[in-house]
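Novice: coords please:
(one chain, ligands or ions: 2)
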Amino acid sequence: MRDANLYSVLAARFPADLESCCLETPEGLSYTWRDMVHASARLANLMRSLGLRPGARVAVQVDKSPEALMLYLATLRAGLVFLPLNVAYQAGEIDYFIGNAKPALVICAPEHREWVAEIARRHGVAHVHTLGAGRDGSLLAAAAPHADDFATVPRSEDDLASIIYTSGTTGRSKGAMLSHGNLASNARTLHAYWGWRPGDVLLHALPIFHVHGLFVAIHGALYNASPMIWLARFDPAEVVRQLPRATVFMGVPTMYVRLLDEPGLDRRACARMRLFISGSAPLRVETFDDFERRTGMRILERYGMSETAMLTSNPCDGERVPGTVGPPLPGVELRIVDERGQCCARGEIGAIEVRGPNVFRGYWRMPAKTREEFTADGFFRTGDVGQLDEGGYVRIVGRNRDLIITGGYNVYPKEIETLLDELPGVLESAVIGVPDRDFGEAVTAVVVARPGAKLDPAELKELLRGRIAGFKVPRRIHLVAELPRNAMGKVQKKLLRDAYAPNA
Ligand code: MLC
Ligand code: AMP
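Specialist: Ligands and ions are numbered 1, 2, ... in the order given. Below is the predicted model of the structure:
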């Protein structure tokens, strides 16, 4: 069997000089490629010594650090399945992921050890380790005595590399199973399409628990043997300080909006920059234009999903059209279909369906759900609605799923409505996204009190905080006497969105 392990694919492209810089941080830490290879080997040896068998899941909820990246590489090397979790998730959310994925090893922040270990114990997880942003915690100490070489476990294209949980319409997340082949094909395609070249330096400011920061950004740099400037969190001032040393930056639209608020963002700061890439949420044309005016650079917008990695992209060389996400990437088949599943004519709006080597292997332990989301001829129903323009560029015009994207994070209203409805005094609720300059969409709740109950929006927010990740807590809660319903009794969210839009 030819080894299709994603780590092997990436490592085959590492630079000849392993002593050169792979990653550095503004705090002055610097790691060579050899450091990455050795550290990931030690961690892979540790995982093997724990008895973890290829295919076992490793759930990781840790702050972003160079060691978290080494852990990701080690998991690939050991043939294990990487399951990254947003650091904002609270106990209820983590309980679901661990119960659903049944990992063999859970790694969490040292300060969360107590409650995470309790959840892990309940679900029969064999091992829990901790990893802190300052290289503290039990994981690195346990790995230290292990050998710094490790023969990467061969994997086939179809073997799983990662499970990415993405919110489900019923309020519960589904684990999208991505294979080594899925991720390697996307890495190769993007490498060529975005014209990665010698001398490129990636400024990495995204979180590494989602497709964007973990796969698109990291694989791009590793496959190109490019060093990364590694920011533990997105800080617009720090990004502007680092820009003169970088050539490639990737961000969600909120990051671009916040960068534009930085006085230092100008042509000089971007003198070496080659590519600003945006994705995960719609980039407003206004942001694209403002950014071009300030920096002289046209942001390259692309479109993807956890289930599919990247699907379409504006070109590196060629016309970048604001308001579009560009043509399908090479190797990706994309069609727009009507309600009967028939292909739409150019310019007509319909559902976006895709097929290609990048499309996932299905939802973890949800075969029925997986079948539902694929057509008979193997296309995946993205749930996004769009059109193809004359030039073959895709324009996303909406979603046929009840999904809110806030600052690049997905929030499913049903999950929040269910929690709100359980709170004392709440009769019912509707959760919507309203336009927001900073986050693109802001989570907003409209709540009806039970007869005689007196509700306070601030108190409701406080009750939600701690139960769900902060980005899911509604920014605003409106109290109303009743929700607008249609003749079928369905809540008319469009009316609510219109009523609570900022300029309404
Ligand atoms: C943070 N907060 C948010 C938020 N992020 N609220 C709404 N939406 C968000 N996205 C809230 C916190 O709960 C907290 O609230 C307050 O803001 C400050 O928290 P913070 O951690 O300091 O936030 P900040 O650093 O400002 O984060 C903003 C951000 C971050 C834009 C940097 O949201 C981010 O990194 N977004 C990127 C998401 C991403 O990587 N998406 C890729 C998905 S992959 P309080 O009330 O507690 O103070 C995908 C596929 C594809 O979609 O195509 O790429
Ligand atoms: P996720 O489930 O987190 O992977 O989010 C994927 C969703 O993000 C897609 O289905 C789209 O709705 C949205 N998305 C990603 N990139 C873009 C983009 N450039 N423009 C509009 N929506 C996007």
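Novice: please count neighbours and contacts with C-alpha atoms only from this point.
Specialist: Will do.
Novice: just the pLDDT at the residue in the stretch 1-150 of the chain positioned nearest to ligand 2, thanks.
Specialist: As assessed by Cα to the nearest ligand atom, ligand 2 sits closest to N86 within the stretch 1-150 of the chain, at 11.4 Å. The predicted local distance difference test score for N86 is 97.
Novice: surely it touches K64?
Specialist: No - applying Cα atoms under 8 Å as the test, N86 and K64 come out as separate, 10.3 Å apart.
Novice: say whether ligand 2 is contacted by whichever strand or helix holds S429.
Specialist: In the assignment (DSSP states H and E), S429 maps to strand 426-436. No - judged by Cα under 6 Å from any ligand atom, strand 426-436 makes no contact with ligand 2; its nearest approach is 13.2 Å.
Novice: the helix or strand that that strand is followed by to strand 426-436, inter-axis angle?
Specialist: Toward the C-terminal end, the helix or strand that comes next after strand 426-436 (DSSP H and E) is strand 440-449. Inter-element angle recorded for strand 440-449 and strand 426-436: 160 degrees (by axes from the mean of the first three to the mean of the last three Cα atoms, to 10 degrees).
Novice: and the angle from the very next helix or strand once past strand 440-449 to strand 440-449?
Specialist: Moving toward the C-terminus from strand 440-449, the next helix or strand (DSSP H and E) is helix 457-464. Relative orientation of helix 457-464 with respect to strand 440-449: 100 degrees, computed using the same axes, to 10 degrees.
Novice: which positions in helix 457-464 come out as buried?
Specialist: Buried positions in helix 457-464, judged by neighbour count with 16 or more other Cα atoms under 10 Å: P457, L460, K461, L463, L464.
Novice: ok, of those, which one's closest to ligand 1?
Specialist: K461 (9.2 Å).
Novice: what sits against that closest one?
Specialist: Under the criterion of Cα atoms under 8 Å, 6 or more residues apart in numbering, the contact list for K461 reads V473, P474, I477.
Novice: check L463 too.
Specialist: L463 touches L423, counting by Cα under 8 Å, 6+ apart.
Novice: same check, this time on R450
Specialist: G425, V426, L427.
Novice: nearest to ligand 1 among those?
Specialist: Closest to ligand 1 out of these is V426 (21.6 Å), distances taken as Cα to the nearest ligand atom.
Novice: quick check: closest non-adjacent residue to the closest one.
Specialist: A449 (4.7 Å; Cα to Cα, 6 or more residues apart in numbering).
Novice: tell me how many other residues crowd that neighbour.
Specialist: Burial of A449, expressed as a neighbour count using other Cα atoms under 10 Å, amounts to 20.
Novice: which per-residue confidence value corresponds to it?
Specialist: Looking at A449 specifically, the model assigns a pLDDT of 98.
Novice: how close does it get to ligand 2?
Specialist: Computed as Cα to the nearest ligand atom, to the nearest Å, the A449 to ligand 2 distance reads 32 Å.
Novice: quick check, that residue in contact with P457.
Specialist: No - counting by Cα under 8 Å, no contact exists between A449 and P457, whose distance comes to 10.9 Å.
Novice: any residues in contact with both of these two?
Specialist: Applying Cα under 8 Å, 6+ apart, one finds that A449 and P457 are jointly contacted by L479.
Novice: and the protein, which residues reach ligand 2?
Specialist: When proximity is defined as Cα under 6 Å from any ligand atom, the chain approaches ligand 2 at 166, 279-282, 301-306, 325, 382, 384, 396, 410.
Novice: low-confidence ranges in the stretch 101-250 of the chain?
Specialist: Within the stretch 101-250 of the chain, the segments meeting pLDDT under 70 span 168-171.
Novice: so what secondary structure elements neighbour the helix or strand hosting T75?
Specialist: Here T75 is covered by helix 66-77, with elements defined by DSSP H and E. When contacts are defined as 3 or more Cα pairs under 8 Å, 6 or more residues apart in numbering; DSSP states H and E, helix 66-77 packs onto helix 6-11, helix 33-49, strand 81-84.
Novice: off-centre distance for it?
Specialist: Going by Cα atoms, centre = their mean, to the nearest Å, the spacing between the C-alpha centre of helix 66-77 and its chain's C-alpha centre is 17 Å.
Novice: now swap in stretch 371-390 and tell me
Specialist: 20 Å.
Novice: export that stretch to PDB, keeping only CA atoms.
Specialist: Output of stretch 371-390 as PDB, limited to C-alpha atoms (Å, rounded to 0.1, in the frame of the first residue of the first chain):
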ATOM      1  CA  ARG A 371     -27.300   9.200   3.300                       C
ATOM      2  CA  GLU A 372     -29.800  12.100   3.600                       C
ATOM      3  CA  GLU A 373     -27.100  14.700   2.700                       C
ATOM      4  CA  PHE A 374     -25.900  12.900  -0.400                       C
ATOM      5  CA  THR A 375     -27.700  12.600  -3.700                       C
ATOM      6  CA  ALA A 376     -28.000   9.300  -5.600                       C
ATOM      7  CA  ASP A 377     -25.100  10.300  -7.900                       C
ATOM      8  CA  GLY A 378     -22.800  11.200  -5.000                       C
ATOM      9  CA  PHE A 379     -23.200  14.900  -4.700                       C
ATOM     10  CA  PHE A 380     -23.100  16.400  -1.200                       C
ATOM     11  CA  ARG A 381     -25.900  18.900  -0.400                       C
ATOM     12  CA  THR A 382     -24.100  21.800   1.200                       C
ATOM     13  CA  GLY A 383     -27.200  23.600   2.500                       C
ATOM     14  CA  ASP A 384     -26.000  26.800   0.900                       C
ATOM     15  CA  VAL A 385     -27.900  28.600  -1.800                       C
ATOM     16  CA  GLY A 386     -26.200  30.400  -4.700                       C
ATOM     17  CA  GLN A 387     -25.900  31.100  -8.300                       C
ATOM     18  CA  LEU A 388     -23.200  30.800 -11.000                       C
ATOM     19  CA  ASP A 389     -22.600  34.000 -12.900                       C
ATOM     20  CA  GLU A 390     -21.600  34.400 -16.500                       C
END
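Novice: is ligand 1 contacted by that stretch?
Specialist: No - applying Cα under 6 Å from any ligand atom, one finds stretch 371-390 separated from ligand 1 by no less than 11.6 Å.
Novice: how about that stretch: buried residues?
Specialist: Of the residues in stretch 371-390, those scored as buried under the neighbour-count criterion (16+ other Cα under 10 Å) are 373-374, 379-389.
Novice: among those residues, which are in strands?
Specialist: When the buried residues of stretch 371-390 are checked against strands using DSSP state E, the ones located there are F380, R381, T382, G383, D384, V385, G386, Q387, L388.
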